[in-house]
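A.B. asks: predicted model and sequence follow; I will ask about them next.
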Amino acid sequence: MTEEESFRIKIEGPSFNENGTSLNELLKVYSAIDGLFESTHSNIAGYEKYTKINRNPYQIIINEAKIGSWDSYLKILIAVSPALFNQGLTPKDYLETIFVTYEFLNSIFTLRKKGEKYRLNVNGSGNRIEIIKENNVTNIYNAPVTINLVANAQKSLPDYREIADILKSGNMTSLKINSSNSSKSIKLTSEDANLFDLVESRSSEIKIVYGEIYRFNKRTRTGKIHISEADGIVPGKYTFSVKKDNQIDIILSMQKNEGTFSVLEIFIEDPITGKQILDSLEIVDL
């Protein structure tokens, strides 16, 4: 049995106007959005490594798209399987979880940006979070299913930072994701471009990873790598940077399915737990 839920993505900016839509910029935005769905799916299903087989139970399709601002109407389809969705998850719950996670992240990053102190009260299963300021509960977030919202927020944060980077470029000025069946939504504008910024620290220990580079921007010397094996790094998708001297080798490596890379880890402070977490990688040799 397959269930579905409709939603809408609207993108505005110089690369999305009445003269047409930049395919390159559109793919960047949709890749980040797809990451939000993958993060939520893997968190619900308990996957450490995301593969094509993991993706099989759900699918996102575009029904209609309009040029001007990029205005698209989509459906999320889930083949309901007791093995994967024993919580009774529906596509509406799925979408609602993504919206609640965004609202939670938006709240705590806004507080950080203002320099306001807060603490979190998380229930045992992690699907209810209270933000507390000066001993008063100011916000409450409830996931529609038994899902750890803290873990979902941590997995989704890199995708929101990727969206923020696109806003910083100026090619996109606003992004909105909403559903007619929900009062919640995701809405980010140019004013939010620095919202998810965090202080970075770099490791000094070089680690060897095995994986595939599937995207690289030679102008910014940044890209995306899917790590399948590594010592001390959880397999998955990561953003990476590379020094100018190595960018030709990176481009050549993309002709192969997978390869071995020497990397340094770049950490950020987790705004939820206060701990250092892996944010991205710098490829120093290959």
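C.D. replies: Thanks, I have the structure now.

A.B. asks: just the buried positions in the helix or strand hosting Ile33, please.
C.D. replies: Taking DSSP states H and E as the criterion, Ile33 maps to helix 23-45. Of the residues in helix 23-45, 25-26, 28-33, 35-45 count as buried by neighbour count, 16 or more other Cβ atoms under 10 Å. Glycine gets a C-beta too; all of them are placed from N, C-alpha and C.

A.B. asks: in the chain, which spans are helices?
C.D. replies: Ranges of helices within the chain are 23-45, 52-55, 91-114, 149-169, 247-253, based on DSSP state H.

A.B. asks: okay if I get the ones you listed as a markdown table plus distance to Ala193 and mean pLDDT?
C.D. replies: Listed next are those as a markdown table, based on distance: least, Cβ to Cβ, whole Å; pLDDT from 0 to 100:
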| stretch | distance to Ala193 | mean pLDDT |
| --- | --- | --- |
| helix 23-45 | 14 | 84 |
| helix 52-55 | 30 | 58 |
| helix 91-114 | 12 | 91 |
| helix 149-169 | 4 | 90 |
| helix 247-253 | 25 | 81 |
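
A.B. asks: now for those, which one comes closest to Phe7?
C.D. replies: helix 91-114 (5.8 Å; Cβ to Cβ).

A.B. asks: mind listing what's buried in that closest one?
C.D. replies: 91-102, 104-109, 111-112.

A.B. asks: same deal with stretch 10-19?
C.D. replies: Buried residues in stretch 10-19 (16+ other Cβ under 10 Å): 10-13, 15-16.

A.B. asks: could you work out the most separated pair of those residues?
C.D. replies: Most distant of those, by Cβ to Cβ, are Lys10 and Ser15, 13.9 Å apart.

A.B. asks: is it true that Leu157 touches Leu105?
C.D. replies: Yes: at 6.6 Å, Leu157 counts as touching Leu105 under the criterion of Cβ atoms under 8 Å.

A.B. asks: for the two, list the residues in contact with both.
C.D. replies: Between them, Leu157 and Leu105 share these contacting residues under Cβ atoms under 8 Å, 6 or more residues apart in numbering: Phe196.

A.B. asks: for Ser6, grab the count of nearby residues.
C.D. replies: 15 (other Cβ atoms under 10 Å).

A.B. asks: can you give me the domain boundaries for this protein?
C.D. replies: Here the domain assignment for the chain is 2-113+140-192, 200-285, based on automatic domain parsing.

A.B. asks: for the ones you listed, which one ends up most surrounded?
C.D. replies: domain 2-113+140-192 (a mean of 17; mean count of other Cβ atoms under 10 Å).

A.B. asks: so how far is it from its chain's centroid?
C.D. replies: 8 Å (Cα atoms, centre = their mean, to the nearest Å).

A.B. asks: quick check: pLDDT value at Asn56.
C.D. replies: For Asn56, the pLDDT comes out at 58.

A.B. asks: what does Thr220 give?
C.D. replies: 83.

A.B. asks: same question for Gln59.
C.D. replies: In this model, Gln59 carries a pLDDT of 71.

A.B. asks: same question for Val242.
C.D. replies: 90.

A.B. asks: looking at it, it is touching Arg221, isn't it?
C.D. replies: Yes: between Val242 and Arg221 a contact is recorded at 5.2 Å, counting by Cβ under 8 Å.

A.B. asks: show me the residue at the heart of the protein, geometrically.
C.D. replies: For the chain, Asp159 is the residue whose C-alpha lies nearest the centre (Cα atoms, centre = their mean; 2.2 Å).

A.B. asks: got a markdown table for the buried residues of stretch 10-19, with distance to Ile277 and pLDDT too?
C.D. replies: Below are the buried residues of stretch 10-19 laid out as a markdown table (distance: Cβ to Cβ, whole Å; pLDDT from 0 to 100):
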| residue | distance to Ile277 | pLDDT |
| --- | --- | --- |
| Lys10 | 31 | 93 |
| Ile11 | 29 | 93 |
| Glu12 | 32 | 92 |
| Gly13 | 30 | 91 |
| Ser15 | 31 | 87 |
| Phe16 | 32 | 87 |
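
A.B. asks: re earlier: as a markdown table, the domains of the chain with distance to Ile129 would be great.
C.D. replies: Listed next are the domains of the chain as a markdown table, based on distance: least, Cβ to Cβ, whole Å:
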| stretch | distance to Ile129 |
| --- | --- |
| domain 2-113+140-192 | 5 |
| domain 200-285 | 9 |
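
A.B. asks: just give the nearest non-adjacent residue to Ile227, would you?
C.D. replies: Gly211 (3.9 Å; Cβ to Cβ, 6 or more residues apart in numbering).
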